[in-house]
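Asks: Have a look at this prediction, sequence included:
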Amino acid sequence: MGKRRLFALYITTTLFLTGCAQVDRIPFTYQRDAQQGNIMTQEMVDELRVGMSQQQVRTIMGPPAVVDPFRTDRWDYVYTMRPGGGSMEKKRMTLRFEDGRLVDISGDLRPSHWEES
């Protein structure tokens, strides 16, 4: 009877410990694309112009991913994409407004016509 209990304890412990394992990729399984945040294309960003209103920017880019209730003059756009089984792609863009008008763009994407300052 002692060997049965020891064997049962061994099996139970093994099953519980497998739940603690961290497996990022299981071979031969389908992994779907994981996409989060605001989709940002260079074409969308190229439409942005200095002096645009917040509503015009929202029409082009969509609502910002991060809205700070204490700083309404700053909008942050974030996009992450992990193709199934691939490495993660991240894009970030920050727009600054003064008096409700676009004055600065910083981050990974910038309009191709934007003047460097």
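Replies: In hand now; what should we look at?
Asks: For the closest residue to residue 89 other than its chain neighbours, what is the enclosing helix or strand?
Replies: Distances taken as C-beta to C-beta, 6 or more residues apart in numbering put residue 81 closest to residue 89, at 4.7 Å, once the chain neighbours are dropped. The way it works is simple: take the backbone N, C-alpha and C, and place the C-beta from them, glycine included. Assigned by DSSP states H and E, residue 81 belongs to strand 74-82.
Asks: Show me what that strand is packed against.
Replies: When contacts are defined as 3 or more C-beta pairs under 8 Å, 6 or more residues apart in numbering; DSSP states H and E, strand 74-82 packs onto strand 34-37, helix 54-61, strand 66-67, strand 89-98.
Asks: Give the buried residues for the very next helix or strand once past the first one.
Replies: Stepping forward along the backbone from strand 34-37, the first helix or strand reached (DSSP H and E) is helix 42-46. When burial is assessed from 16 or more other C-beta atoms under 10 Å, helix 42-46 yields the following buried residues: 44, 45.
Asks: can you list contacts of helix 42-46?
Replies: 60, 61, 93, 105, 109, 110, 111, 112, 113 (C-beta atoms under 8 Å, 6 or more residues apart in numbering).
Asks: Among those residues, which one has the most neighbours?
Replies: The most neighbours of any of the contacts of helix 42-46, using other C-beta atoms under 10 Å, belong to residue 93, which has 23 neighbours.
Asks: Confidence-wise, which of the helices and strands packed on strand 74-82 is weakest overall?
Replies: Least confident of these, judged by mean pLDDT, is strand 66-67 with a mean of 79.
Asks: mind listing what residue 15 touches?
Replies: Contacts of residue 15 (C-beta under 8 Å, 6+ apart): none.
Asks: How about residue 53?
Replies: Contacts of residue 53 (C-beta under 8 Å, 6+ apart): 100, 101, 102.
Asks: now do 6 Å
Replies: By C-beta atoms under 6 Å, 6 or more residues apart in numbering, the contact set of residue 53 is residue 100.
Asks: ok, it to residue 107 distance?
Replies: 20 Å (C-beta to C-beta, to the nearest Å).
Asks: Check residue 10 too.
Replies: Applying C-beta to C-beta, the value for residue 10 to residue 107 is 54 Å.
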